[in-house]
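Q: Return atomic coordinates for the entry below.
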Amino acid sequence: MKNNPPLSALHLETRLVRAAAEIGHKSAPLVPPIYQTATFEASDIEQQRIASKSDRFYTRYGNPTHTAAAKLLADLEGAESALLFSSGMAAITTAILTVVKKGDHIVCQRDIFGGTMKFLTEWLPKFGVETTFVETTHFEEYEKAIRPHTRLLYLESPTNPTLKIVDLERMVDVAKRHKVLTFIDSTLATPINLCPLEWGIDLVLHSATKYLSGHSDLMCGAAVGGQKLIEGIYKMQNELGGIMDPHAVWQLMRGVKTLALRVRQQNENALQIAQYLAQHPKVKQVYYPFLPQYPQYALAKKQMKGGGGLLSFELNTKGDDTKKVVEALRLFSIAPSLGGVESMVTIPTFTTHAMLSEEQRRAMGITEQLVRLAIGIEHISDLIADLEQAFEK
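A: Residues are numbered from 1 along each chain as shown. A predicted model of the protein is given here:
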């Protein structure tokens, strides 16, 4: 057996590549195996009874492939435990339903993912749970909105698609004084740029479809946090059934191995594109937290190691001109996602936030002239040249 260093002593990039492998074990597989099975056979009833509490009973309850991936994500976020889900929305809805009941109250920022907004405003009221929305960057409003029966402070940072930053230190202080849980959708930040648990957040949620898997070929979600909270969410997940297929879990682990490399390249590309757009005469406004002229630049630099791979900008156009610019792009695929190795473009009013009313979108600053770019790992010169030719057309 090789005398390998403990994983905790290794740097992040090394842990991402090696954590799921059984390093140090003679003749162990270099790549973790896929337990592609729905159920597990027991030798007798007593063994089955014991197995029912393990990851070798029935895959809705657990699976060794899931266990390996969950340990990897927990290590990545510096957490005690993690759970995998069939989608980001499955992770979000299951986690919220775990901690609220009829008569409870949630405080949430106004700028959140459209699917989450719809769940909070259309579905939770049917179960007697009310949500108060506050202006995302008006931090004094959060505490004012808390009631005696408030159970959850729900956050997202950076926000999609206008990249607003939430002051995590301030929000955790408010939540702890009022004994309220804090959940955050940290999909856009990724654990490479931000680890919210280090700031005191209780639960981190990811649409792992995006940066964690990184190749636009999986649907998956994750919840990461303390052991006790994850155990409660696990029970709810068993009932609701939003479980990942073991093969998809294995693909997620493969994607995570290159997460640090991908995100750092996306950070670099996105910043250069934001700088280019900020100087362009046809661009009215650029939303990217690591631009020095961005209103929350100081807060972003305090909390984050990189600005992320998503940015948006508003054009000085009218009517269908915005659509024409988007449709003239050659390297940016018109697609409603982000986090993949390939660059994508969308107009949020028609995709990610189409389910919201015009009034809700306007309150978030989302107009028909707003274009969202999800930056990939292509060469920066090619991406900027593509934007330039689209503007010229």
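
Q: Just the CA atoms of the helix or strand harbouring residue 47, as PDB, please.
A: Per DSSP states H and E: residue 47 is located in helix 45-51. What follows is helix 45-51 as a C-alpha-only set of coordinates in PDB (Å, rounded to 0.1, in the frame of the first residue of the first chain):
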ATOM      1  CA  ILE A  45     -33.300 -11.100   5.900                       C
ATOM      2  CA  GLU A  46     -31.000 -10.000   8.800                       C
ATOM      3  CA  GLN A  47     -28.400  -8.700   6.300                       C
ATOM      4  CA  GLN A  48     -31.200  -6.900   4.400                       C
ATOM      5  CA  ARG A  49     -32.500  -5.300   7.600                       C
ATOM      6  CA  ILE A  50     -29.000  -4.000   8.300                       C
ATOM      7  CA  ALA A  51     -28.500  -2.900   4.700                       C
END
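
Q: Now the closest residue to residue 150 other than its chain neighbours. Its backbone dihedrals?
A: Nearest non-adjacent residue to residue 150, counting by Cβ to Cβ, 6 or more residues apart in numbering: residue 105, 4.5 Å away. For every residue, glycine as well, the C-beta is placed using N, CA and C. Backbone geometry at residue 105, expressed as degrees, to the nearest 10, gives phi -140, psi 140.

Q: Kindly report the domain assignment for this protein.
A: Listed by automatic domain parsing, the domain ranges of the chain are 10-256, 259-392.

Q: Please state the offset of the shortest one from the chain centre?
A: Domain 259-392 sits 17 Å away from the centroid of its parent chain (Cα atoms, centre = their mean, to the nearest Å).

Q: quick one: terminal-to-terminal distance for that domain?
A: Domain 259-392 has its terminal residues 35 Å apart, counting by Cα to Cα, to the nearest Å.

Q: same check, this time on the first one
A: The straight-line separation of the ends of domain 10-256 (Cα to Cα) is 16 Å.

Q: follow-up on the earlier one: count of residues packed around the residue nearest to residue 150?
A: Burial measure for residue 105: 18 neighbouring residues, criterion other Cβ atoms under 10 Å.

Q: do you know how far it is from residue 49?
A: Look at residue 105 and residue 49: by Cβ to Cβ, to the nearest Å, they are 41 Å apart.

Q: If we go by neighbour counts, what in the helix holding residue 47 is buried?
A: Buried residues in helix 45-51, counted by 16 or more other Cβ atoms under 10 Å: residue 51.

Q: quick one: contacts of it?
A: Identification of contacts with helix 45-51 by Cβ atoms under 8 Å, 6 or more residues apart in numbering yields 40, 42, 57.

Q: residues near residue 44, how many?
A: As a burial measure, residue 44 scores 7 neighbours (other Cβ under 10 Å).

Q: quick one, phi/psi of residue 59?
A: phi -60, psi -20.

Q: tell me, how many neighbours does it end up with?
A: Residue 59, neighbours per other Cβ under 10 Å, totals 22.

Q: nearest spatial neighbour of it, skipping sequence neighbours?
A: Take residue 59 and drop its neighbours on the chain: the residue closest to it by Cβ to Cβ, 6+ apart is residue 38, 5.2 Å away.

Q: For residue 300, see how far away that neighbour is.
A: For residue 38, the distance to residue 300 - Cβ to Cβ - is 44 Å.

Q: Between the two, tell me which one has more neighbours.
A: The neighbour count for residue 38 versus residue 300, taken as other Cβ under 10 Å, is higher for residue 300 (25 against 10).

Q: Make sure the more buried one is actually in contact with residue 292.
A: No. Using Cβ atoms under 8 Å, residue 300 is not in contact with residue 292; the gap is 10.4 Å.

Q: what residues are shared contacts of the two?
A: Common contact partners of residue 300 and residue 292 (Cβ under 8 Å, 6+ apart): none.

Q: Where do the helices of the stretch 51-200 of the chain begin and end?
A: Applying DSSP state H, counting those that start in this stretch to the stretch 51-200 of the chain gives helices spanning 64-77, 88-99, 114-118, 140-145, 168-177, 190-193.
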